[in-house]
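K.L.:
Mind folding the following:
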Amino acid sequence: METCASNVAGAKDLRVGVDVGGTKIEAVLVDADGVVLASARVPARPGGAEVVEDVAALVPRVAGARAGEVRSVGVGIPGLVHHRTGLVENVVNLGIERLELGERASAALGLPVQVDNDVNVAALGAYGTLPAASRRGRMAFVNLGTGLAAGLVHDGVLEHGDTGALGEIGHLPVDPNRMPCPCGQRGCLETACSGGGMRRMWPAADPPLPDILAKAARGDAAATRVRGIVLHALADVVQIIAQTADPSVIVIGGGVAHAGTPLLDALRGELRGREADSGFIASLGLPERLRLVDPSVPIGAIGAALIAR
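P.N.:
Sure, this is the predicted structure:
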């Protein structure tokens with residue numbers, strides 16, 4: 001089933017951004033100013049050939065009658081992405097081991113196609129949603145999905161690092177609970193605060209976090225214990241990012257962020273508890289740096305459009 005919405009405002013030099021996920025592929029058509037003119041969504045199909053086909057079909061579909069005005073396409077996708085070449089590796093949820101996505105999609109569309117990691121493009125999309133006064137300096141985007149990773153934007157430009165591992169904070173093995181991680185380590189941060197980690201600790205509800213927070217607020221001992229694990233790990237994430245990258249804004253997104261204001265309030269409370277014990281932590285102003293993504297905004301697809309050249 002496909003969904004599509006559009007805005008017929010005039011524009012030139014159009015771009016399309018495509019966000020490839022494990023269950024759906026979402027696309028937006030944007031003008032030169034980054035204004036979203038149309039959006040479309042289709043279910044994702046596993047397999048490299050299928051992903052190329054779906055991207056190639058979705059671009060003209062979202063562009064509609066203005067397909068001839070599209071100048072370039074950006075694609076965000078999970079896995080190890082070589083953003084300079086468009087090579088994608090190890091997209092587990094889609095059964096892809098190796099795919100020349102940029103090259104093959106470009107050949108199918110007859111357009112330049114730029115590919116980057118989904119968290120990176122979501123970071124760029126999140127940056128674009130900030131008020132103009134906040135779009136300066138560094139912003140960190142924390143993606144709390146099935147796993148945990150971060151993207152960094154500096155003055156509107158994505159930071160990649162030298163090997164592509166920048167932002168892979170989910171596999172820092174610092175959580176004191178030392179739970180085993182699929183990566184082979186123990187105590188990775190994502191075992192304690194990602195969506196996947198929370199589902200393992202709290203299988204009674206899906207999504208787990210709203211249920212954990214609600215039951216902990218009512219005094220449930222088991223929920224209170226898990227809430228403590230989650231908030232301790234999330235506060236570690238915020239503190240690590242702040243003390244290494246020092247962004248002025250830390251935006252929290254991904255599926256877990258759909259818990260909304262209760263999550264933000266609980267995390268700020270955890271951070272204020274740390275401030276009470278440490279003048280140094282208090283000087284960092286961590287609670288004031290936090291923002292939540294609006295879940296109704298397709299930041300992944302918007303960010304993908306912004307990387308299109």
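K.L.:
for the nearest residue in space to A304 that is not next to it in sequence, helix, strand, or coil?
P.N.:
Nearest non-adjacent residue to A304, counting by Cβ to Cβ, 6 or more residues apart in numbering: G17, 3.3 Å away. Every C-beta, even on glycine, is put in place using the N, C-alpha and C of the backbone. The local conformation at G17, judged by DSSP: H, G, I helix; E, B strand; the rest coil, is strand.
K.L.:
Show me the beta-bridge partners of G17.
P.N.:
V28, G74 (DSSP bridges).
K.L.:
I figured it was touching L306, is that so?
P.N.:
Yes: here G17 reaches L306: they are 7.0 Å apart, a contact under Cβ atoms under 8 Å.
K.L.:
I figured R272 hits E288, correct?
P.N.:
No: assessed by Cβ under 8 Å, R272 is found out of contact with E288, at 10.5 Å.
K.L.:
State the number of residues packed around P43.
P.N.:
11 (other Cβ atoms under 10 Å).
K.L.:
Not counting its neighbours along the chain, what's nearest it?
P.N.:
Per Cβ to Cβ, 6+ apart, closest to P43 is K24, 5.9 Å.
K.L.:
Tell me how far that neighbour lies from L58.
P.N.:
11 Å (Cβ to Cβ, to the nearest Å).
K.L.:
overlap in contacts of the two?
P.N.:
V42 (Cβ atoms under 8 Å, 6 or more residues apart in numbering).
K.L.:
more crowded one of these two?
P.N.:
L58 (22 against 12).
K.L.:
and the more buried one, what are its phi and psi?
P.N.:
Main-chain dihedrals, L58, degrees, to the nearest 10: phi -70, psi -30.
K.L.:
do the same with G147
P.N.:
phi -110, psi -160.
K.L.:
I'd guessed it sits against E190; true?
P.N.:
Yes: using Cβ under 8 Å, G147 is in contact with E190, at 5.0 Å.
K.L.:
Check the contact lists of the two and give me the overlap.
P.N.:
With Cβ under 8 Å, 6+ apart, G147 and E190 have common neighbours 170, 196.
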